[in-house]
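**Student:** Here's my sequence, what's the structure:
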Amino acid sequence: MATTTLLYFTSAISKQNLSPATPRKPIIPQKTRPPITKLSTPCLIWNPKPVVCVVGSFLALALAGSASATELPPLLLGPSLPLNEPANALSLPTWAIHVSSVVEWITAMALVWQYGEKSGFESWKGLSWGMVPLLGGAFCACTWHFFYNSESLEVLVALQAALTVIGNATMCYAAFRICKLSEERSQKL
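**Tutor:** Prediction:
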């Protein structure tokens, strides 16, 4: 057996080229990937819920036109319509900020909910529920401004303040739950 091994190695050594070594570039195998035919990672653009919220807000702003009647051209209103608005009427940019903030908040709620579903961290859904009172406060503010900050609707200001306090407390509790459940999950690993 020793002679067979010796004969094998000597024949292999004699077949080698004993010329000086030339530097050679190492051969690195290239990774072959299948062609991408569709997006493999979910993104905001292909997710229908946030897209519907954002597109809906832009359509609402576009179809609503000007929030102030004085900004509309007289051809659209006709000569008989008075163009008097109170001094506290909100301008179009201010309305755009109010509406886009509400749409952004709804989108954030939807994204937090989806993160809770897809990641398996169900406590994130609680954060989405904790955001609901703050959304109610935003609706109160927009309603009050829509009616030119009417004194008869002063109750909306108090309701908005109450919903803000409740919403801050519910979001704080939801964040505490997320923290505790994340700690428990990391200790199990």
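**Student:** who does the longest helix anywhere in the chain touch, helix- and strand-wise?
**Tutor:** The residue-count maximum for a helix in the chain (DSSP state H) belongs to helix 154-188. Counting contacts by 3 or more CB pairs under 8 Å, 6 or more residues apart in numbering; DSSP states H and E, helix 154-188 packs against helix 123-130, helix 132-146. Using the backbone N, CA and C atoms, a C-beta is placed for each residue, glycine as well.
**Student:** lowest confidence element among the helices and strands of the chain?
**Tutor:** Sorted by mean pLDDT, DSSP states H and E, the helices and strands of the chain end with helix 2-15, the least confident at a mean of 49.
**Student:** looking at the helices and strands packed on helix 154-188, which is closest to residue 96?
**Tutor:** Taking CB to CB, helix 132-146 is the member of the helices and strands packed on helix 154-188 nearest to residue 96, at 11.9 Å.
**Student:** Let me know the angle separating the closest one from helix 154-188.
**Tutor:** 160 degrees (axes from the mean of the first three to the mean of the last three CA atoms, to 10 degrees).
**Student:** Show me what helix 132-146 is in contact with.
**Tutor:** 90, 95, 98-99, 101-102, 105-106, 109, 150, 153, 156-157, 159-161, 163-164, 166-168, 170-171 (CB atoms under 8 Å, 6 or more residues apart in numbering).
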